[in-house]
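Enquirer: Next input, structure requested:
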Amino acid sequence: MAAVVLVGAQWGDEGKGKITDFLAERADCVVRYQGGSNAGHTVEVKQEKFMLHLVPSGILYPQTLCVVGNGVVVDMGKLIEELDGLQKRGIDTSNLRISLRAPVVMPYHKKIDELEDRDSNIGTTKRGIGPTYADKINRIGFRIGDLLEEPDIFEARFKAQVAYKNRIINEIYNEEGFDYKALLDKLMSEVAVLKPYLADTSYLIYNCIKEGKKVLFEGAQGTLLDIDHGTYPYVTSSHPIAGGACVGSGIGPTSIGRVLGVAKAYTTRVGEGPFPTELNDEIGQTLRERGAEFGTTTGRPRRCGWLDAVILRYAARVNGLTDLAITKLDVLDSFPVLKICVAYRYKGSLLQEFPDNIGILSKCEPEYMELPGWQQDLSGVTEYEQLPDKAKRYIETIEELSGVKQAIVAVGPKREQTIVTQRLYT
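Expert: Predicted coordinates for the structure are as follows:
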């Protein structure tokens, strides 16, 4: 089976862009299956840095079919900007296909997102992602394909929806709403630009798998941000976990061959919510500086801490991980002593498994084991055997604690700084 799902095994920002890019070079099809422009993948190729938000990482390879699945909420204006930016840098985007079933992020979604977060302090990116998914579930949203239906039918529905959103914006937040005609004209001009890319993407993906082609499903965010299985309510509004790949792309679970979890050699998160291993000290600052821990989409500084193996065990379970990709191992090069959280202490009890109650998690203290650091520069290592023994021991400890074998180890941001120990496409 040549279909691989790539998921974040922590709170997102695990370096999935680099790993996706590395695997995409060998893939026939790369599918983005959830999230929206709130996500960001940074890919470095030949001294060039590409920051991708909605476009799958495989876009850098003209031979690779790139799919934005039905589980992705699409801000058409942002997607057009991203495509224009890639084209100006010489990237051929003709290999992109976008699901006709993908929900459309409207300007009123972004406005409501900003106003709601002002009161709730959940810590969203204010890109309209949550309100768009909410409208999808409430069956009042619009999918890209809807914009291509009979104009009179769409306009009537759209006019009523804008009026409804304007009442919310006016009456609850005392803010100015939107002119539906101006919004309608904007949407129609955007969908006209994107029309050549639109397709029944479920059928395209199905055929690729049926023909035995290599298909990579690319998740955004991470396991702990999943709407059901993350640290709710400090989560995203979709399913970053492996199960979301099936729903968000329109293929069955029997099509999936392997699930690769991407995890940093330490832990980070952005936004609000409990973080047991967070380090608000010089070590945390060093991790942030050495790891360039600032959000691709927002630029926000990431909260940093020691590796949390409780999270990795949880991610292995809910995703059905078959393999691990460990990223940013080189960030730990300078530390004489390294710590890994192996359990949580809560009111005198030792918790081995990740709690499903955020109130409990917020009061958990990490139980650490210590390992010696290698204090050597790993950035030039190209083979697993070349790693210092202490670095190997650190990796092997992660494998033992998570129950998942590593397949990839990254020792820097560039593609060539990637050590592969197991073949993923079979």
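Enquirer: Tabulate the CA atom coordinates of stretch 275-289 in PDB.
Expert: What follows is stretch 275-289, C-alpha atoms only, in PDB (Å, rounded to 0.1, in the frame of the first residue of the first chain):
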ATOM      1  CA  PHE A 275       1.500  22.900  28.500                       C
ATOM      2  CA  PRO A 276       3.000  20.700  31.200                       C
ATOM      3  CA  THR A 277       6.600  20.800  30.100                       C
ATOM      4  CA  GLU A 278       6.700  24.500  29.200                       C
ATOM      5  CA  LEU A 279      10.000  26.300  30.200                       C
ATOM      6  CA  ASN A 280       9.700  30.000  31.100                       C
ATOM      7  CA  ASP A 281      13.400  30.300  31.700                       C
ATOM      8  CA  GLU A 282      16.700  30.600  29.900                       C
ATOM      9  CA  ILE A 283      16.400  27.000  28.500                       C
ATOM     10  CA  GLY A 284      13.000  27.800  27.000                       C
ATOM     11  CA  GLN A 285      14.400  30.900  25.400                       C
ATOM     12  CA  THR A 286      17.400  29.000  24.000                       C
ATOM     13  CA  LEU A 287      15.100  26.500  22.400                       C
ATOM     14  CA  ARG A 288      13.100  29.300  20.900                       C
ATOM     15  CA  GLU A 289      16.100  31.100  19.500                       C
END
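Enquirer: tell me which residues in it are buried?
Expert: Neighbour counts over stretch 275-289 (16 or more other CB atoms under 10 Å) mark 275, 276, 277, 278, 279, 283, 284, 286, 287, 288 as buried. Backbone N, C-alpha and C define where each C-beta goes, glycine included.
Enquirer: what sits opposite the closest residue to the last one other than its chain neighbours in the beta ladder?
Expert: Take residue 288 and drop its neighbours on the chain: the residue closest to it by CB to CB, 6 or more residues apart in numbering is residue 304, 5.0 Å away. According to DSSP bridges, the residues that bridge with residue 304 are residue 268.
Enquirer: now residue 345
Expert: According to DSSP bridges, beta-bridge pairing links residue 345 with residue 350, residue 365.
Enquirer: my guess is it meets residue 363, correct?
Expert: No. Between residue 345 and residue 363 there is no contact, the gap being 9.5 Å when judged by CB atoms under 8 Å.
Enquirer: can I get the CA coordinates of the helix or strand of the chain with the lowest mean pLDDT in PDB?
Expert: Lowest mean confidence among the helices and strands of the chain (mean pLDDT, DSSP states H and E): strand 41-45, at a mean of 72. Taking only C-alpha atoms (Å, rounded to 0.1, in the frame of the first residue of the first chain), the coordinates of strand 41-45 have been written out as PDB:
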ATOM      1  CA  HIS A  41       4.500  25.100   6.300                       C
ATOM      2  CA  THR A  42       8.000  26.400   5.700                       C
ATOM      3  CA  VAL A  43      10.100  24.500   3.100                       C
ATOM      4  CA  GLU A  44      13.700  25.300   2.200                       C
ATOM      5  CA  VAL A  45      15.000  24.200  -1.200                       C
END
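Enquirer: Contacts for it next, please.
Expert: Residues outside strand 41-45 that contact it (CB atoms under 8 Å, 6 or more residues apart in numbering) are 16-18, 20-21, 49-53, 57, 60, 220, 296, 413-415.
Enquirer: Try it again at 7 Å.
Expert: Residues outside strand 41-45 that contact it (CB atoms under 7 Å, 6 or more residues apart in numbering) are 16-18, 20-21, 49-52, 57, 60, 296, 413-415.
Enquirer: For the stretch 201-350 of the chain, give me the ranges with low pLDDT.
Expert: Scanning the stretch 201-350 of the chain for pLDDT under 70 picks out 296-298.
Enquirer: Now do the helices in it.
Expert: Taking DSSP state H, counting those that start in this stretch as the criterion, the stretch 201-350 of the chain contains helices spanning 201-210, 243-247, 282-290, 309-319.
Enquirer: all strands for the stretch 151-300 of the chain, in order.
Expert: Applying DSSP state E, counting those that start in this stretch to the stretch 151-300 of the chain gives strands spanning 198-199, 215-218, 258-264, 267-269.
Enquirer: Of all those, which one is nearest residue 320?
Expert: strand 258-264 (5.4 Å; CB to CB).
Enquirer: now the angle from that closest one to helix 282-290?
Expert: Between strand 258-264 and helix 282-290, the angle comes out at 120 degrees (axes from the mean of the first three to the mean of the last three CA atoms, to 10 degrees).
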